[in-house]
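>>> fold the following for me, if possible:
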Amino acid sequence: MMKWGRSCIAAFMASAILLLITAPAYSSYHSQAGQKYTIALQRLENLKKSKNKMKYRSYWIDCIRTFELVEKKYPRSPSAGDACFDRAGIHQELYQYNRHSKDLGEALQAYATCQSRYVRHVRAPEALYHIIELSLKYKQDNALATETYAKLARAYPDSSWTDKARAQLTPTAGMIHKKVRQETIIRKMPVPVIAAPGKGGPAGVVRSIRYWSGGAYTRIVIDRDKPVKFQVHELKKPDRLVFDLLDTRLASSVEIDPLPVNDGILKQVRSSQYGPAIVRVVLDLASIKSYAAFQLHDPDRLVIDVTGEGGKMSEAADPSTTASDPPQNEELAADAGAQAKVETQAPITLPSKTHDGDKNTDDSLSLSRQLGLKIKTIAIDAGHGGRDPGATGKSGLKEKTVTLDVAKRLAALVKERLGCTVIMTREKDVFVPLEQRPFIAKYRNADLFVSIHVNANRKRKTRGIETYIQSLRASDRDAMATAARENSMSTKRLSELKSELDRIFADLAKDDKLEESLQLAHAVQGSLVETMKPIKGHVVNLGVKRAFFYVLINTEMPSILAEVGFISNPDEEKLLRTEAYRQSIAEALYQGVKNYVDARSPQMLVGI
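Residues are numbered from 1 along each chain as shown. Below is the predicted model of the structure:
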């Protein structure tokens, strides 16, 4: 019995020692694989940098074998799968460089092998997509493409590569019927993205295409008579963004020539009736860093934001301006009689970058410059205006009147006391589209965006103050109703936006813009409540809330929407009529902004 016990102890100790010895080895195994994989990537990068090396097949094969060594020597490491897919990609690039059929066969075989060997790898669906792409484009083998698509759809039904393959096969094979929810595009180039086509129906009509341009940012707006489903393609040599609007036709009133932009980001915008129910809109690019596309409703339009390396203010107000390069019309090849032009509307005039009212009387004493603030330019948005009156009180007071007056008072305070530059989205009773307001702020390089509104409710007794930040999920039903009213749309339509815009919000979250907006909102809400209490005796603090607002979409800066009262409440409407009360609101908004700015300012030590 004693011997048996000693034997067990000895076996246990031996196992423990073995584990201690082998555990570091496993980590080292992965580390070595990673190092070898990095070397392989470096060799590939060096090859692509040298046009002279790219002429010789031996350099390509050397790169391929370097990746093969990682797979063979470290088959269980995470780097093995990456090396396999990279190797397949090199075969494809080599074929595209020299057009040898042998390399095409090698690429197809390598992609198939990698996918079957690393089924769960993130790049596995991409490998199947490339087989489809090569089969259709170079091999003209529809049977192989169709067979591979069936495998792709079965193994990876939710992958974006499946959606993209479907779009490629639809016009040639006519075999895809699966319905996929539409997604808004927001991707860094050169990742290709496709919004899924839906069921056929009565064609919508593109009524016009317009644009605003300034700095490193251009916004294209495609006006339609109903929501649109669309696909996006990125084309090279020359660089283009191509938007196919499905179940759509061009209005007969739309003209025929391209719309010149020439702002350093876009050269021009072209459109055509690409098919019986497809309108193709082509953005000829001068430079691009990223782009985003999303739908707005009531009225329906598709908005495309393109960010470039830096542009100039467009001269497209002159319809005679022509593109610097001749148009590339191969992707617009359709019936000549069906071609049409983007409507040549004059771009909406933007505020001048040099505005006398923005200058401080003594720039050297500007508080913002004394403190070295990051917040130097503040955009103030007076809600509604022109033909859009906003909410109306029982005695006839209009929201647009209150918001403009408060915005002007706030602008004066910010200029005089804080020394910041002020941008007004409107300075008089004019209509400014919701999508243009954030564009004005971005064009003028604003650091903060404050939108001023007055709330309304069917229940006349409802009162209070609340401040909003952008979110796809409304804080409560009242917040949803407020957002629907400010957006001039139904709550049902508002709830449908989540699937279209969640990627934009993911990008904002990464950039901490939502967190900064929340801090600004709390500073403003706290100041509003504290300032208005002595005046009203009692303030209903509805707090900081979240909801989706068109006017805050894609602002790329800390942004809030302040509801400074309920115009539907008779008592609050009376107060809102008085200049003294509006001045108090402006003072409260100013103090909230200042509190936020102070919290971000470097602390200066005095008397040391």
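>>> use CA for all of it now, contacts and neighbours both
OK.
>>> show me where pLDDT drops low in this protein?
Within the chain, the set of residues satisfying pLDDT under 70 comprises 1-30, 170-202, 215, 255-256, 309-374, 472-476, 479-480, 483-485, 487-512, 601-608.
>>> ranges for the strands of the stretch 301-450 of the chain?
Counting by DSSP state E, counting those that start in this stretch, one finds strands in the stretch 301-450 of the chain at the ranges 301-307, 339-340, 377-382, 421-424, 448-455.
>>> could I get those strands as a markdown table with mean neighbour count and distance to K164?
Converted to a markdown table, the strands of the stretch 301-450 of the chain look like this (neighbours: other CA atoms under 10 Å; distance: least, CA to CA, whole Å):
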| stretch | mean neighbour count | distance to K164 |
| --- | --- | --- |
| strand 301-307 | 21 | 20 |
| strand 339-340 | 22 | 26 |
| strand 377-382 | 25 | 40 |
| strand 421-424 | 23 | 42 |
| strand 448-455 | 26 | 37 |
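>>> can you redo these as JSON lines with distance to P75?
Converted to JSON lines, the strands of the stretch 301-450 of the chain look like this (distance: least, CA to CA, whole Å):
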{"stretch": "strand 301-307", "distance to P75": "42"}
{"stretch": "strand 339-340", "distance to P75": "55"}
{"stretch": "strand 377-382", "distance to P75": "56"}
{"stretch": "strand 421-424", "distance to P75": "59"}
{"stretch": "strand 448-455", "distance to P75": "52"}
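>>> F566 is nearest to which of the ones you listed?
When those are ranked by proximity to F566, the top entry is strand 448-455, at 4.5 Å, counting by CA to CA.
>>> quick revisit: quick one: closest of the strands of the stretch 301-450 of the chain to A407.
Closest of the strands of the stretch 301-450 of the chain to A407 is strand 377-382, at 5.7 Å (criterion: CA to CA).
>>> how's this protein carved up into domains?
Listed by automatic domain parsing, the domain ranges of the chain are 10-173, 204-340, 356-600.
>>> and the closest residue to A165 other than its chain neighbours, how many neighbours does it have?
Taking CA to CA, 6 or more residues apart in numbering, and ignoring the residues beside it in sequence, A165 has Y129 as its nearest neighbour in space, at 6.0 Å. Burial measure for Y129: 24 neighbouring residues, criterion other CA atoms under 10 Å.
>>> which residues touch the host helix or strand of Y129?
Taking DSSP states H and E as the criterion, the element that holds Y129 is helix 124-134. Counting by CA atoms under 8 Å, 6 or more residues apart in numbering, the neighbours of helix 124-134 from elsewhere in the structure are 85, 104, 108, 111-112, 114-115, 118, 144-146, 148-149, 152, 156, 159, 161-162, 164-165, 168.
>>> give me the helices and strands touching the helix or strand that it is followed by, please.
Sequence-wise, the next helix or strand beyond helix 124-134 is helix 142-155, with elements assigned using DSSP H and E. Where contact means 3 or more CA pairs under 8 Å, 6 or more residues apart in numbering; DSSP states H and E, helix 142-155 is packed against helix 124-134, helix 160-173.
>>> between those helices, which one is nearest to K408?
helix 160-173 (47.4 Å).
>>> give me the three-state assignment for the closest residue to V306 other than its chain neighbours.
Beyond its immediate neighbours in the sequence, the residue positioned closest to V306 (CA to CA, 6+ apart) is Y291, lying 4.4 Å away. Reducing the assignment at Y291 to three states with DSSP: H, G, I helix; E, B strand; the rest coil gives strand.
>>> around Y291, count how many other residues there are.
Neighbours of Y291 using other CA under 10 Å come to 19.
>>> do the same with the one 4 residues further on
Neighbour count for Q295, taken as other CA under 10 Å: 18.
>>> name the element it belongs to?
Under the assignment here (DSSP H and E), Q295 is part of strand 290-296.
>>> now the angle from that strand to strand 301-307?
Compare the direction of strand 290-296 with that of strand 301-307 by axes from the mean of the first three to the mean of the last three CA atoms, to 10 degrees and you get 160 degrees.
>>> centre of the chain to strand 290-296, how far?
The chain centre lies 6 Å from the centre of strand 290-296; the measure is CA atoms, centre = their mean, to the nearest Å.
>>> mind giving me the packing neighbours of it?
With contacts taken as 3+ CA pairs under 8 Å, 6+ apart, strand 290-296 sits against strand 185-188, strand 301-307, helix 498-510.
>>> part of a helix, is K545?
No: membership of K545 in a helix is not supported by three-state DSSP, which gives strand.
>>> list the beta-bridge partners for it.
Here K545 sits in beta bridges with Y468, going by DSSP bridges.
>>> next: R270.
V282.
>>> please name the nearest non-neighbouring residue to V402.
The spatially closest residue to V402, leaving aside those adjacent along the chain, is L576, at 7.0 Å (CA to CA, 6+ apart).
>>> buried residues, stretch 83-103. List them.
Buried positions in stretch 83-103, judged by neighbour count with 16 or more other CA atoms under 10 Å: 83-95, 103.
>>> before we move on, back to that, surely the residue nearest to V306 is in contact with L283?
No: assessed by CA atoms under 8 Å, Y291 is found out of contact with L283, at 11.3 Å.
>>> OK, contacts around S451?
If you count contacts by CA under 8 Å, 6+ apart, S451 has them with I380, D381, A382, G383, V551, S559, I560, L561, A562.
>>> so how far is the regular element (helix or strand) spanning the last one off the chain centroid?
Read that as A562. A562 belongs to strand 559-566 when elements are defined using DSSP H and E. Between the centre of strand 559-566 and the centre of its host chain there is 25 Å, according to CA atoms, centre = their mean.
>>> can you count the residues close to A167?
Burial of A167, expressed as a neighbour count using other CA under 10 Å, amounts to 17.
>>> same question for K137.
Here the neighbour count serves as a burial measure; for K137 (other CA under 10 Å) it reads 11.
>>> now it: how far from I90?
Taking CA to CA, to the nearest Å as the measure, K137 and I90 are separated by 18 Å.
>>> could you do A124 as well?
Going from A124 to I90 by CA to CA gives 16 Å.
>>> one more: S527?
Applying CA to CA, the value for S527 to I90 is 60 Å.
>>> next: V402.
Remark: distance between V402 and I90 (CA to CA) = 63 Å.
>>> L245: which element?
For L245, the host element (DSSP H and E) is strand 240-246.
>>> would you give the sheet partners of that strand, along with the direction of each?
The pairing partners recorded for strand 240-246 under DSSP bridges are strand 229-235 (antiparallel), strand 278-285 (antiparallel).
>>> so how far is the shortest one from its chain's centroid?
In this case it means strand 229-235. Centre-to-centre, strand 229-235 and its host chain are 15 Å apart (CA atoms, centre = their mean).
>>> how about that strand as PDB, C-alpha atoms only?
Extracted C-alpha coordinates of strand 229-235, given in PDB (Å, rounded to 0.1, in the frame of the first residue of the first chain):
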ATOM      1  CA  LYS A 229     -32.200  50.300 -51.700                       C
ATOM      2  CA  PHE A 230     -28.700  50.600 -53.000                       C
ATOM      3  CA  GLN A 231     -25.400  48.900 -53.800                       C
ATOM      4  CA  VAL A 232     -21.900  50.400 -53.600                       C
ATOM      5  CA  HIS A 233     -18.800  49.600 -55.600                       C
ATOM      6  CA  GLU A 234     -15.300  51.000 -55.400                       C
ATOM      7  CA  LEU A 235     -13.500  51.200 -58.700                       C
END
